[in-house]
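Chemist: fold the following, please.
(one chain, ligands or ions: 1)
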Amino acid sequence: MQHAEFNLVVLISGNGSNLQAIIDAIQAQTLPVSLRAVISDRPGAFGLARAAEARIPAHVVDYRQFPQREDFDKALMQQIDAYSPDLVVLAGFMRILTTDFVEHYLGKMINVHPSLLPKYQGLNTHQRVLDAGEQIHGASVHYVTPELDSGPLILQGEVPVFPDESAKSLQQRVHAIEHKILPAAIRLIATGQVTFRKHRVYYGDKPMEKFQLDALAKQL
Ligand code: GRF
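Modeler: As a prediction, this is how the structure comes out:
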């Protein structure tokens, strides 16, 4: 019997290197999903060219055309829902979404964030990590909930912070780990190993605990 396809829609705002990691994993047949569409909130996003190159339908919902955030979210929702996705992936999507939007996709939308959440929510994470003298940094994939960068974790990857490191070099290594954990997290969801129930992440039939996150990180 043929498995039903697991449909993905990816939202971007810029370079789209995480989008590329997803495309590469699908093409390498290590990620059993169908990437139905890429949607950008900015017309100039380089990720749109990556989508075109991979022959994936790409759309722009230009945030500048919607002075009201609610109207932007509504237009975005229509564009996403036209593809009936099983999962919406925020891959460097730089808009803060309304609660209605987030609730609409609750348990069906994930984000990649450049820090070991719950530490360093928000922007400029690499510089803040350096300023704080941290020795370990990394990236997280989490379900999106109405509180910014606070949803339950699916997967994390660590990188060491070297002495005399610049924010730029740290960012590059964090990016490399993002490119591993994002396709891996999508795979866990698409294969049913990870689920979202009652506002929690489950790994198999048990709520995801820290030790499990650590074990999954070791398998990367
Ligand atoms: C990544 O660092 C991601 O964690 C953050 O935005 C950046 C997007 O990079 N949310 P790219 O567009 O995927 O290259």
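Chemist: centre of the chain to the one helix or strand in the chain whose mean pLDDT sits lowest, how far?
Modeler: Ranked by mean pLDDT, DSSP states H and E, the helix or strand of the chain with the weakest confidence is helix 210-218, at a mean of 92. Put simply, helix 210-218 sits 18 Å off its chain's centre (Cα atoms, centre = their mean, to the nearest Å).
Chemist: just stretch 160-167 next, same as before
Modeler: With Cα atoms, centre = their mean as the basis, stretch 160-167 stands 25 Å off its chain's centre.
Chemist: repeat that for stretch 115-123.
Modeler: Here stretch 115-123 is found 14 Å from its chain centre; the criterion is Cα atoms, centre = their mean.
Chemist: determine the set of other helices and strands touching the longest helix belonging to the chain.
Modeler: Using DSSP state H to define each element, the chain has its longest helix at helix 167-190. Applying 3 or more Cβ pairs under 8 Å, 6 or more residues apart in numbering; DSSP states H and E, we find helix 167-190 packed against helix 17-27, strand 87-90, strand 109-113, helix 125-131, strand 136-143, strand 153-160, strand 194-197, helix 210-218. Placement of C-beta: from N, CA and C, glycine included.
Chemist: reformat the ones you listed as TSV; add distance to the ligand.
Modeler: As requested, the helices and strands packed on helix 167-190 are exported to TSV (distance: least, Cβ to the nearest ligand atom, whole Å):
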stretch	distance to the ligand
helix 17-27	3
strand 87-90	7
strand 109-113	5
helix 125-131	8
strand 136-143	6
strand 153-160	11
strand 194-197	19
helix 210-218	16
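Chemist: give me the below-cutoff pLDDT ranges for this protein.
Modeler: Along the chain, segments meeting pLDDT under 70 span 1-4.
Chemist: residue numbers of this structure in contact with the ligand?
Modeler: The chain comes close to the ligand at residues 12, 14-18, 91-92, 112-114, 175, 178, as judged by Cβ under 6 Å from any ligand atom.
Chemist: perfect, that will be all.
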